[in-house]
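1. Generate a structure from the sequence data that follows.
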Amino acid sequence: MLNGKRILVMGLLDTRSFAWAIGSKAAALGAEVIYTVQSDRFRNVFLRRAFEKEGLSIDAYPILPCDVTDDAQIAALFQQTGALDGLVHCIAYARPETCLAPTLAEAPRADVLRAFEISAASLAFVAREAKSVLRRRAGIVALSFDSQHVYPNYNWMGVCKAALEASARYLARDLGPAGIRVNCVSAGPQQTMAASHIPGFARLARSWPRRAPAGWDRDGDRHAVADATVFLLSDLARRITGEVLYVDGGHHAMGLDLVREPRPRKRASASPESPAEPPQQS
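-> The predicted model follows:
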């Protein structure tokens with residue numbers, strides 16, 4: 001499906017992240033995969049330890065630094081990657097103590113602007129520089145989370161995800177004439193390092209399957225998200241752009257938690273000694 005293609009996956013945190021699942025799937029389908037991390041220090045200290053715990057050598061993977069708040073670093077990144085057939089944006093940040101607090105409007109302006117810059121606007125800044133190296137029929141995919149509903153504590157990150165999805169639609173318009181498609185994948189909750197900083201996330205993840213008719217595994221369905229992402233990167237999705245593809249077990253489409261009808265109990269036949277009582281009137 002991706003044989004011979006070169007894919008850039010931005011925002012690698014560890015081997016349990018969406019970025020790693022997507023990159024691994026793309027590589028298994030024949031792609032050459034390049035990853036980015038926020039800094040060399042992150043790569044050489046934290047990520048190295050995470051890889052070693054899994055018995056992996058970090059030096060076996062091309063992992064480049066890129067702080068998306070720095071235009072010079074973004075430009076330098078694409079000078080190193082060479083021509084690309086796909087780009088995956090797995091980048092988000094909001095200060096938990098303020099932007100992910102119980103109420104929206106109490107967050108300081110500086111924290112909100114930083115969250116927006118990293119989590120939403122960075123997609124456009126990255127796409128601007130990537131355009132010169134993306135081949136025709138290339139695809140850009142950004143990772144999102146349900147922006148149509150309100151979730152406890154998600155607050156400014158929810159706002160940023162809505163902006164991210166809107167940005168993808170406008171980029172789809174702008175980059176379409178160059179043969180570049182732009183889409184989002186809206187994933188259900190997964191137990192990742194990023195999610196661990198969201199207050200109340202564990203409770204949200206536990207409750208998710210109750211409204212997911214196709215089921216949801218908060219520990220393993222990152223691979224389902226990866227499958228959908230590589231589909232959007234592939235030529236199979238050559239006429240799909242400006243879309244948000246939900247990979248959440250169907251949660252986004254349900255209005256209420258699913259009520260599982262209990263199995264009807266076998267009614268015991270009444271005996272002459274114990275006549276059945278008539279139903280109560282209400």
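2. Tell me which helix or strand comes right after the lowest-mean-pLDDT helix or strand in the chain.
-> Taking mean pLDDT, DSSP states H and E as the measure, helix 201-207 is the helix or strand of the chain with the lowest mean score, a mean of 88. Following helix 201-207 in sequence order, the next helix or strand is helix 222-233 (DSSP states H and E).
3. and the closest residue to A228 other than its chain neighbours, what is it in contact with?
-> Setting aside the residues directly before and after it, A228 is nearest to V247 in space (Cβ to Cβ, 6 or more residues apart in numbering), at 4.6 Å. For the C-beta atoms, the positions are set from N, CA and C on the backbone; glycine is no exception. For V247, the contacting residues are V185, S186, A187, G188, D221, A224, V225, A228, by Cβ atoms under 8 Å, 6 or more residues apart in numbering.
4. Distance from the chain centre to stretch 74-83, please.
-> With Cα atoms, centre = their mean, to the nearest Å as the basis, stretch 74-83 stands 23 Å off its chain's centre.
5. which parts of it are buried?
-> Under the neighbour-count criterion of 16 or more other Cβ atoms under 10 Å, stretch 74-83 has I74, L77, F78, T81 buried.
6. cool, and stretch 201-216?
-> Quick answer for stretch 201-216 (16+ other Cβ under 10 Å): F201, L204, A205, W208, P209, R211, A212, W216.
7. so the second one sits right up against P189, yeah?
-> I take that to be L204. Yes - with contacts counted by Cβ atoms under 8 Å, L204 reaches P189, the gap being 5.8 Å.
8. was I right about L12 contacting I63?
-> Yes - assessed by Cβ under 8 Å, L12 is found in contact with I63 at 6.6 Å.
9. Give me the common contacts of these two.
-> Shared contacts of L12 and I63 (Cβ under 8 Å, 6+ apart): Y35, T36, V37, L47.
10. just to revisit the earlier point, and the buried residues of stretch 201-216, which is closest to A121?
-> A121 lies nearest to F201 out of the buried residues of stretch 201-216, by Cβ to Cβ, at 24.0 Å.
11. Neighbours of the residue nearest to that closest one when sequence neighbours are not counted, how many?
-> Spatial nearest neighbour of F201, excluding adjacent residues (Cβ to Cβ, 6+ apart): A195 at 5.0 Å. Close neighbours of A195, defined as other Cβ atoms under 10 Å, add up to 18.
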